[in-house]
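# Pasting the sequence and the predicted model now:
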Amino acid sequence: MVTIDDFASPVRPTWCTGCGNFAIWNAVKRALAQVGLAPHQVMLVSGIGCGSKLPDYTHANGYMTLHGRTVPVATGVRLANHGLRVLCTHGDGDAYAEGLGHMLHAARRNIGLVDIIQDNRIYGLTKGQYSPTSDRGRVSKTSPWGAFELPVNPIALALAAGATFVARSWSGDLNHLTATIVRALGHRGYALIDVFQPCVTFNRQNSYDFYRPRVYNLQDDPDYDVTDRMAAFARALEWGDRIPIGVFYQVEDRPAYEEQVPALKAGPLAPRPVEKLRPEQVQRLLEEFL
Amino acid sequence: MQTVDDLIIRIGGEAGMGLESSGVGFAQALVRGGLHVFGLPDYHSRIRGGHNFFSVRIARRPLYSHTEPVHLLLALDPETVRRHIGAVVPGGAVVYDEKDGLPDIPRRTDVGYFSIPLAKLAEEAGGSAIMRNTLVFAVAAGLIGFDPTYIESVARDNFARKGPAVVDANLRVIQAGVEASRPFQADFPFRMEAVPDAPRRLLLNGNQAFAMGALAGGCRFVSGYPMTPGSPVLEWMAAHAAEYGVVTLQVEDEIAALCMAIGAGYAGVRAMAPTSGGGFSLMVEALGLAGMTEVPVVVYEAQRPGPSTGLATRTEQGDLLFVLHASQGEFPRIILAPGTVEQAFEAGWRAFNFAERYQCPVIVLSDHYLATSVRDVVPEDLNLDAVVIDRGELLTEADLDRLEGEYRRHAFTESGISPRAIPGHPKAVYASSSDEHDEYGHIYEDAENRRRMQEKRMRKLETARSEMRLPTAYGAADPDLTFIAWGSTYGPMREAVDRLNGQGVRARMLHFTDIWPVPQDVEKLLVGETIAVENNYSGQFADLLRMATGHTVSRRILKWDGRPLSPEYITHHVSRFT
Ligand SMILES: Cc1ncc(C[n+]2csc(CCOP(=O)(O)OP(=O)(O)O)c2C)c(N)n1
Ligand code: SF4
Ligand SMILES: [Mg+2]
């Protein structure tokens, strides 16, 4: 049986006390233990940022890559070895600034990744610049007049790009967060989970106290249909006093990218031995040019 | 009539006329007829219009290069005559379409002008004027005395998929072309007959040879974004992906392309990303990721002239120092620059062995000239038996089962190479990081660790150096002039050396395929008067040699007009200073 302790790493987190990343970290470990995935059966891929240090604090296969490039690296890992369950854990700057294009393409590709965004709506590691999910008017070191831009809407963008699983959770509700990750781990294609992650140091506005009275769980409404894309769009646009969390959308009618690749029908690539071509293969290749 | 030992046929027209495909088909027929060929396409970056041409050089001895003169010009439009008439040798000829008439083009008196209703005959015989490209090559075969049954055999094979009606139409067009050549045969003096019962030979370009070598070398993951002239490698792999178990994908940009290949390499699959200089520019940051996290990955960079979009369908060797220095910081990388089809094939599998043995990025530097020009080789020259698959210090399942203690992915070792475990084994669970890290992969900023880690990585380069091949020497053993060539200049340089030796100048070429790390002891070969010959503006390899060995070349013969160096260009420049 896999337990949370199996994921214990000797490295202690350097996150600030009260940082929302602790809950995300715990939820990831709890979810993996719950579905019975051991440290060697998964790969945690991250980019660069406070949140992206998560794999360093977790005993599991991992890869801390480049700022913004989490998803393409994870896609390569997944295609090379779809025997590994691949999860991405990266910040809102990583995912929605430099990485936004990759996110949209991963969604339309429906590659089998669980993409967890540690969305603190600020740049933590570089000490407090505004981010793509910061509110319009947000004052920061690089937006002294208040941000002129609108924030991106990751839920609506993922839906528009064709994502087959789109969810939101938050660091203030460990059980909901864990359950959402568990559900995403059971999904066959690309699964986006945007997680509100309070940054207690650089984003005092979007604190636990900001979110707690506002968030409500979509799944509390028995009539909410997660296969209804238009309904999901409508909820994606809901913002203000009431902010929905939970699974906005989930359909299983589209095969994952890796399920469609002819070379992968025979199973994962990485464990296969690398061998020289057989004589008849050599012959066939050479004949193309005769 | 004279049977010449070197004959060049050039077909010219607009984009969309199928010059390259019919030209390669004709070259294929010549090879089946026992002749040696070198085919060079020259085209604009556009889909319709513009002026394109394709030259086939034919001989009875192996060819390594194109050359400049033309014996027979096949003009599918008047523009071809205007542009290329100057290249036609005295006694040569132009075949043009009767309907073009060439009213206002001044005629040379030492060249034959053969007017043939090409479009009309193609239409009558095959049902489509487009087929005049095939027809005009049949005319050429008739004029040079080459047995047209070889052209027919190629047409049968190439059009078999389209059904017997298409095959028959092509055969009729070929027949009509040969017939049409008859009235002019006596006026065309050059002959190049087939050599019956010659051994079978392959015809292919550098891109195809490299892709085949990579496949034979175990490449099983290719991610790319289309860009001339590198993308045919992705296309070739995609065409073979299902049969050979290769994952190929076209992705959103070159950043993703290399990042995916790195992800695949990290997970244990031989992976590559083919591109050109512009795409490589986007890959720069990811290259450093592979360097820092010690991931084996191959980048195929087929150069074209820059800066920026430059000349999309032309050639240059202008990216050498860029790929050598690309990405922040210092890390080991290996650079190979094949010069021939055979070397491109070898580079295909050698690159993956280097990548896995040294756990670092390997860049194969090609260019448009090598990538697109076709040459014939005997099957033994693409020696698939000689392919070696060496995965370096890769821990096996059994090694990992026996592993004691925690696995150290980046263990300090004397060679700098840390035994690698593919993720997935319970005893080798690790996370590597693009941040500086300790032996386990954990982020670690300690000064002493940093010093040792950087030394460990850089030591791999020293270990690799002893494996890099010295340049191949060609020509006079005791030379007056030593030419230094690298990559695709092999062919033109080799022929220039032959010509110079024929003129009594003792010349020798040192040709490099293994560029970086610069092979051990190379300075011992760099003696006397040396001349760097490069297809770029500044002589980047000469600068690199000076940096690495202290040797300063005496002269540089350079070319940066987007066209390849030719033997004539080189000998002309030599004659100016000897
Ligand atoms: C190419 C590149 N640009 C910029 C940076 C600097 N950088 C590091 S983390 C970061 C932003 C972090 O914000 P986010 O992704 O939201 O993560 P957080 O720290 O908030 O968890 C930036 C800009 C970098 N490492 N690489
Ligand atoms: S700066 Fe913010 S995001 Fe970073 S560790 Fe501290 S609280 Fe967490
Ligand atoms: Mg952030």
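Now that the structure is in, tell me what you want to look at. Numbering: from 1, shown residues only, chains lettered A, B, ... in the order given. Ligands and ions are numbered 1, 2, ... in the order given.
# How confident was the prediction at residue B:530?
For residue B:530, the pLDDT comes out at 96.
# Quick check: it touching residue B:556?
No - using C-beta atoms under 8 Å, residue B:530 is not in contact with residue B:556; the gap is 9.8 Å. For the C-beta atoms, the positions are set from N, CA and C on the backbone; glycine is no exception.
# Please look at residue B:224 and residue B:232 and confirm they touch.
No - Residue B:224 is not in contact with residue B:232 according to C-beta under 8 Å; the separation is 10.2 Å.
# re earlier: residue B:530 and residue B:556: which has the busier surroundings?
For residue B:530 versus residue B:556, neighbours defined as other C-beta atoms under 10 Å in any protein chain shown are more numerous around residue B:530 (22 against 19).
# Contact partners for the more buried one?
Taking C-beta atoms under 8 Å, 6 or more residues apart in numbering or on different chains, we find residue B:530 in contact with B:482-484, B:551, B:553-555.
# helix/strand/coil for residue B:470?
Here residue B:470 is recorded as coil under DSSP: H, G, I helix; E, B strand; the rest coil.
# That one contacts residue B:518, doesn't it?
No - Residue B:470 is not in contact with residue B:518 according to C-beta under 8 Å; the separation is 10.0 Å.
# what about these two, which has more around it?
residue B:518 (20 against 16).
# Identify the residues contacting that one.
Contacts of residue B:518 (C-beta under 8 Å, 6+ apart): B:465, B:468, B:544-545, B:548-549.
# let's see 6 Å
residue B:548 (C-beta atoms under 6 Å, 6 or more residues apart in numbering or on different chains).
# and the stretch 51-200 of chain B, which of its residues are near chain A?
residue B:200 (C-beta under 6 Å from any C-beta of the partner chain).
# which outside residues touch stretch B:239-254?
Counting by C-beta under 6 Å, 6+ apart, A:79, A:101, A:105, A:261-263, B:215, B:220-223, B:225, B:237-238, B:257, B:275, B:279, B:282-283 sit against stretch B:239-254.
# Can you tell me the number of residues neighbouring the residue nearest to residue B:205 when sequence neighbours are not counted?
Here the nearest residue to residue B:205 in space, its sequence neighbours aside, is residue B:374; by C-beta to C-beta, 6 or more residues apart in numbering or on different chains that works out to 4.8 Å. For residue B:374, the count of nearby residues is 26 (other C-beta under 10 Å).
# Go ahead and confirm residue B:374 touches residue B:39.
Yes - Residue B:374 lies in contact with residue B:39 (C-beta atoms under 6 Å); the separation is 4.1 Å.
# where do the contact lists of those two overlap?
Between them, residue B:374 and residue B:39 share the contacting residues residue B:27, judged by C-beta under 6 Å, 6+ apart.
# Need the per-residue pLDDT for the residue in the stretch 401-550 of chain B positioned nearest to ligand 2.
Closest residue of the stretch 401-550 of chain B to ligand 2, C-beta to the nearest ligand atom: residue B:443 (14.0 Å). Per-residue confidence (pLDDT) for residue B:443: 98.
# so who does it touch?
When contacts are counted by C-beta under 6 Å, 6+ apart, residue B:443 touches A:56, B:433, B:435, B:437.
# Quick check, residue B:65 in contact with residue B:491.
Yes - counting by C-beta under 6 Å, residue B:65 does reach residue B:491; the two are 3.6 Å apart.
# Can I get the longest helix belonging to chain A in CSV? Just the C-alpha atoms.
When chain A is parsed with DSSP state H, its longest helix is helix A:21-35. What follows is helix A:21-35 as a C-alpha-only set of coordinates in CSV (Å, rounded to 0.1, in the frame of the first residue of the first chain):
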residue,chain,number,x,y,z
ASN,A,21,1.9,25.7,-1.6
PHE,A,22,1.9,23.6,1.5
ALA,A,23,-1.7,22.5,1.0
ILE,A,24,-1.0,21.8,-2.7
TRP,A,25,2.0,19.7,-1.8
ASN,A,26,0.1,17.7,0.8
ALA,A,27,-2.9,17.3,-1.6
VAL,A,28,-0.6,15.9,-4.3
LYS,A,29,0.9,13.4,-2.0
ARG,A,30,-2.4,12.4,-0.5
ALA,A,31,-4.0,12.0,-3.9
LEU,A,32,-1.2,9.8,-5.2
ALA,A,33,-1.3,7.7,-2.1
GLN,A,34,-5.1,7.4,-2.4
VAL,A,35,-5.0,6.2,-6.0
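# any idea how far the closest residue to residue B:497 other than its chain neighbours lies from residue B:72?
Spatial nearest neighbour of residue B:497, chain neighbours left out: residue B:475 (4.1 Å); criterion: C-beta to C-beta, 6+ apart. As defined by C-beta to C-beta, to the nearest Å, residue B:475 lies at a distance of 31 Å from residue B:72.
# Neighbour count for these two, which is higher?
A direct count of neighbours by other C-beta under 10 Å for residue B:475 and residue B:72 places residue B:72 higher, at 25 against 21.
# List the contacts of the more buried one.
Listed by C-beta under 6 Å, 6+ apart, the contact set of residue B:72 reads B:9, B:93, B:140.
# Return the list of strands paired to the helix or strand encompassing it, each annotated with direction.
Residue B:72 is part of strand B:70-75 when elements are defined by DSSP states H and E. Take DSSP bridges as the rule and strand B:70-75 pairs in its sheet with strand B:6-15 (parallel), strand B:88-97 (parallel).
# Let's test this: mean pLDDT of it, rounded?
98.
# Could I get the contacting residues of residue B:139?
Contacts of residue B:139 by C-beta under 6 Å, 6+ apart are B:95, B:177, B:180-181.
# how about stretch A:112-129, does it reach chain B?
No - with C-beta under 6 Å from any C-beta as the criterion, chain B is not reached by stretch A:112-129; the gap is at least 10.8 Å.
# ranges for the helices of the stretch 101-250 of chain A?
A:154-161, A:174-185, A:208-211, A:229-236 (DSSP state H, counting those that start in this stretch).
# For those helices, could you give me CSV that also reports distance to ligand 1?
What follows is the helices of the stretch 101-250 of chain A, written out as CSV (distance: least, C-beta to the nearest ligand atom, whole Å):
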stretch, distance to ligand 1
helix A:154-161, 12
helix A:174-185, 16
helix A:208-211, 16
helix A:229-236, 20
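# ok so, going back, distance of the residue nearest to residue B:497 relative to residue A:147?
For residue B:475, the distance to residue A:147 - C-beta to C-beta - is 67 Å.
# can you check residue B:233 too?
From residue B:233 to residue A:147 the distance is 44 Å (C-beta to C-beta).
# Could you check which of these two has the larger neighbour count?
More neighbours surround residue B:233 than the other of residue B:233 and residue A:147, with 30 against 18 (other C-beta under 10 Å).
# The more buried one is in contact with residue B:209, isn't it?
No - with contact defined as C-beta under 6 Å, residue B:233 does not reach residue B:209; the gap is 10.3 Å.
# what about the residue lying closest to residue B:357 once chain neighbours are set aside, how many residues close to it?
Distances taken as C-beta to C-beta, 6+ apart put residue B:392 closest to residue B:357, at 3.5 Å, once the chain neighbours are dropped. Number of residues near residue B:392 (other C-beta under 10 Å) recorded here: 15.
# quick one: residue B:392 and ligand 3, what's the gap?
Plainly put, residue B:392 is 38 Å away from ligand 3 if you go by C-beta to the ion, to the nearest Å.
# Tell me the secondary structure at that residue.
When classified by three-state DSSP, residue B:392 comes out as coil.
# For burial, what's the neighbour tally of the closest residue to residue A:32 other than its chain neighbours?
Closest residue to residue A:32 apart from its sequence neighbours, by C-beta to C-beta, 6+ apart: residue A:42 at 6.1 Å. Residue A:42 has 24 neighbours, counted by other C-beta under 10 Å.
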